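Asker: fold the following.
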Amino acid sequence: MTLSIQSLTVRYGDKTAVDDVTLDIAVGDVLALVGPSGCGKSTLLRTIAGLVEPAQGRVVWQGRDITSVPTHQRGIGLMFQDHALFTHRNVADNIDFGLKMGGVDAGTRDTRVEELLVLVGLEGFGPRSVEGLSGGEAQRVALARALAPEPELLLLDEPLASLDRGRRIELNVELARLLRELEQTAVYVTHDQDEAFSLADVVGVMHQGELLRLGEPAQVWRDPQSEVVARFLGHEAIIEMDGHRFAVRPDAIVLADSEGDYRGVVRACAFQGDRYELLVDVNDQTWRLFHDDALSPGAPVQLMLDPTKLALLVSRT
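Answerer: The predicted structure follows:
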């Protein structure tokens, strides 16, 4: 394992921000930490970076305990939502900054900067002022600057949160491609589950400082294990069968042509590009599913469940 977090706890006064978190990341893997605001995911990342001191636990990198090692000595690249580019420097000088501070010779630095500009899709942007860049371009420069020293571990805290949806989706795809191309070990923090699931090799879902679920994206989505994780993922419907509780995934719900297992009323219908998202009131719950055709709010429907796509819940939290 490359990075090992061992029983890590972070407190701010009486508040526990990270509560006894343990996880491991393998070489070349991207871990996405996802969860609502205030769940502790950014605090955990900043603790890995050395920007926050834990109350207990250890951060072990490549077999070495770095819990007390200063940030600048950890060999870690950092990229945050506020990319904090130097406005008095051009694009090339921003990317070059870490290399220059590290004592890399000018010729090597120039070559590295040009390589990174090509890598992030900004070839020819070197002489430009950063003040004239779009949000997406500025984020690409920030990424290039973080990658410049070739860090063994890259930490990204909500790097795309300030962008509009279209640009965010585009850069998410590009970032996923780059991290895989570079075989870059990374920890990526986001509140956007679609962003996390499309980019990561491993997803960790956090809630109130605890790491509730850790696994491959498809594994976590299909088997959230707890009610809190299921609801965060959008599996809002919870049913009981044979003494067990199950989360009803959207793909488990099918509209029935005749008599179905459940009756409901359409609450809302939203077009999603290639299908419609339906919210259906069933008893005292709202079920979420997808359908090829639009249905009007208020329309009665009958539903069937595919039992192979129900997720068994082993805990409520």
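
Asker: flag every buried residue along the helix or strand encompassing residue 21.
Answerer: Assessed by DSSP states H and E, residue 21 sits inside strand 15-25. Applying a neighbour-count criterion of 16 or more other Cβ atoms under 10 Å, the buried positions in strand 15-25 are 16, 17, 18, 19, 21, 23, 25. From N, CA and C alone the C-beta is placed, and that goes for glycine too.

Asker: do stretch 113-120 as well
Answerer: 113, 116, 117, 119, 120.

Asker: in TSV, list the buried residues of strand 15-25 along with pLDDT and distance to residue 302.
Answerer: Formatted as TSV, those follow (pLDDT from 0 to 100; distance: Cβ to Cβ, whole Å):
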residue	pLDDT	distance to residue 302
16	97	46
17	97	46
18	98	46
19	97	44
21	98	44
23	96	43
25	94	46
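
Asker: quick one on the thing from earlier: return the member of the buried residues of stretch 113-120 nearest to residue 32.
Answerer: Proximity of the buried residues of stretch 113-120 to residue 32, judged by Cβ to Cβ, is greatest for residue 120, which lies at 20.0 Å.

Asker: not counting sequence-adjacent ones, nearest residue to that closest one?
Answerer: Spatial nearest neighbour of residue 120, excluding adjacent residues (Cβ to Cβ, 6 or more residues apart in numbering): residue 140 at 4.3 Å.

Asker: model confidence for that neighbour, exactly?
Answerer: Here, the pLDDT recorded for residue 140 equals 89.

Asker: neighbours around it, how many?
Answerer: By the measure other Cβ atoms under 10 Å, the count of residues near residue 140 is 25.

Asker: and it, what is it in contact with?
Answerer: Under the criterion of Cβ atoms under 8 Å, 6 or more residues apart in numbering, the contact partners of residue 140 comprise 120, 121, 122, 171.

Asker: farthest pair in those?
Answerer: For the contacts of residue 140, the farthest-apart pair by Cβ to Cβ is 122 and 171; their separation is 12.2 Å.

Asker: what does stretch 152-161 rub up against?
Answerer: Taking contacts as Cβ under 8 Å, 6+ apart, the residues outside stretch 152-161 that touch it are 2-3, 42, 45-46, 48-49, 61-62, 74-81, 83, 139, 142-143, 146-147, 167-168, 171-172, 175, 179, 184-192, 195.

Asker: ok, which stretches of the stretch 51-200 of the chain are strands?
Answerer: In order along the chain, the stretch 51-200 of the chain carries the following strands (DSSP state E, counting those that start in this stretch): 56-61, 64-65, 76-80, 153-157, 185-190.

Asker: out of the ones you listed, which gets the lowest mean score?
Answerer: When I compare the strands of the stretch 51-200 of the chain, strand 76-80 is least confident, with a mean of 88.

Asker: each with direction, which strands does that strand pair with?
Answerer: Strand 76-80 pairs in its sheet with strand 153-157 (parallel), by DSSP bridges.

Asker: output the strand holding residue 21 as CSV, restricted to C-alpha atoms.
Answerer: Provided in CSV are the C-alpha atoms of strand 15-25 (Å, rounded to 0.1, in the frame of the first residue of the first chain):
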residue,chain,number,x,y,z
LYS,A,15,-16.2,19.0,17.8
THR,A,16,-14.8,15.8,16.2
ALA,A,17,-14.3,16.5,12.5
VAL,A,18,-12.7,13.2,11.6
ASP,A,19,-13.7,10.2,13.7
ASP,A,20,-11.3,7.2,13.8
VAL,A,21,-10.8,6.8,10.1
THR,A,22,-8.7,4.0,8.7
LEU,A,23,-8.1,3.3,5.0
ASP,A,24,-5.4,2.3,2.5
ILE,A,25,-4.7,3.5,-1.0
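
Asker: buried stuff in the next helix or strand after it?
Answerer: Scanning forward in sequence from strand 15-25 by DSSP H and E, the next helix or strand is strand 30-34. By neighbour count, and taking 16+ other Cβ under 10 Å as the criterion, the buried residues in strand 30-34 are 30, 31, 32, 33, 34.
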